[in-house]
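Asks: Starting from these lines, generate the structure:
(one chain, ligands or ions: 1)
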Amino acid sequence: MPRIRLWLATAALAISGCGGPFPQSTLHPRSDFARGTDALFTDIFWWAAAVFVVVELMLLVAIVRFRHREGRAAPRPTHGHTLMEIGWTLAPAVILVFVAVPTVRTIFATAGEAPADALKVDVIGHQWWWEFRYPELALVTANELHVPLGRVVQLSITSADVIHSFWAPPLGGKRDAIPGHMTRIAFRPDSVGDYSGQCAEFCGASHANMRLRVIVDSDSGFGRWATVQLAGPAAPAPGTLAERGRAVFARSACIGCHTIQGVSPGVIGPNLTHVGSRTTIASGLFPNDSAHLARWIADAPSLKPGSLMTRMQPPLTDADIAALGAYLQSLK
Ligand code: CUA
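Replies: Numbers count the residues shown, from 1 in each chain. Predicted coordinates for the structure are as follows:
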């Protein structure tokens, strides 16, 4: 009885892994690139499954038919059987051709070449966050990449410090972000959605905390998002907590690292001009709410080891932190 319970519990755990919505799975492709690699994976999987079945069947036949029995002579080995030798040389060669041709085709199809009208985005990896620049739109954001549905997006990827790797599994494969070097990836998203990604190259203490999101908007939704991002941040209403927060921001070390359009020009940390419009903070680590913002402002390295955003000296008061949080959240 306990054994059945253990089996049932294991099966339940395994089956629970099949539940949606798969925001970070290569097996649920949401772009032409990802569908190409997924089809190739499925194709090679079935070839491998067929080889497995044939080899295991032959092994089982050999075990049953030629096993040692009392009084039976040892089976006679076969030498120099021309037909068999041609067969087991030719069969793997043919299978490899069926694997190689679609593989090479997919490698060329996903090489990163994009049509001239593709939306171009420069991706810059930092320890430990992602910077996204849209040169055609003169727009800069961080950690949450918005792209329009159905249009090819070409990412030109590099790094400001060490080697990172950009990876948004439902949309495309990994591309290393290498300082002083440019890598490219292009894909056409085919489903509106919010997809997760992750730095895929060990890059220091908070490598595992270097997440990202790709938000595929409808065409009009992307247009609306870009219009809002291009506008300067709305000034907080007089007398509000957010207005106090803006004063705290302007007199604190924040301005040395962060840009807020019209307020501060820092370029070391993420651009915060519209940080309130993002769903997460700290490179996709936490929801963008006042509780997490307050903890992040007070002591970022305790939430993200090695974070370049050090503890503020002298420390901000709780009231200042609350005001700062309200200001940042008002930057929609
Ligand atoms: Cu960046 Cu790992």
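Asks: Tell me where the stretch 201-332 of the chain has helices.
Replies: 219-230, 241-251, 254-257, 290-298, 300-303, 318-330 (DSSP state H, counting those that start in this stretch).
Asks: Just say which of these is most tucked in.
Replies: For the helices of the stretch 201-332 of the chain, the largest average neighbour count (mean count of other Cβ atoms under 10 Å) is found in helix 318-330, namely a mean of 21. Any C-beta I mention is one placed from the backbone N, CA and C, and that applies to glycine too.
Asks: quick one, that one and helix 241-251 angle?
Replies: 100 degrees (axes from the mean of the first three to the mean of the last three Cα atoms, to 10 degrees).
Asks: Run through the neighbouring helices and strands of helix 318-330.
Replies: Under the contact criterion of 3 or more Cβ pairs under 8 Å, 6 or more residues apart in numbering; DSSP states H and E, helix 318-330 touches helix 241-251, helix 290-298.
Asks: element containing Pro169, please.
Replies: Assigned by DSSP states H and E, Pro169 falls within no helix or strand.
Asks: What residues does it make contact with?
Replies: Neighbouring residues of Pro169 by Cβ atoms under 8 Å, 6 or more residues apart in numbering: Gln24, Ser25, Thr26, Ala34, Tyr195, Gly197.
Asks: quick one on the thing from earlier: now mean pLDDT and distance to the ligand too, for the helices and strands packed on helix 318-330, in a markdown table please.
Replies: Listed next are the helices and strands packed on helix 318-330 as a markdown table, based on pLDDT from 0 to 100; distance: least, Cβ to the nearest ligand atom, whole Å:
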| stretch | mean pLDDT | distance to the ligand |
| --- | --- | --- |
| helix 241-251 | 89 | 27 |
| helix 290-298 | 91 | 19 |
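Asks: Go through those and name the closest to His164.
Replies: Nearest to His164, of all the helices and strands packed on helix 318-330, is helix 290-298, at 21.1 Å by Cβ to Cβ.
Asks: centroid residue for this structure?
Replies: Nearest to the geometric centre of the chain sits Gly197, at 1.8 Å (Cα atoms, centre = their mean).
Asks: So for the closest residue to that residue other than its chain neighbours, what's the pLDDT?
Replies: Spatial nearest neighbour of Gly197, chain neighbours left out: Ala168 (3.5 Å); criterion: Cβ to Cβ, 6 or more residues apart in numbering. For Ala168, the pLDDT comes out at 96.
Asks: do the same with Ala234
Replies: Reported pLDDT for Ala234: 82.
Asks: now swap in the one 5 residues further on and tell me
Replies: What the model reports for Gly239 is a pLDDT of 88.
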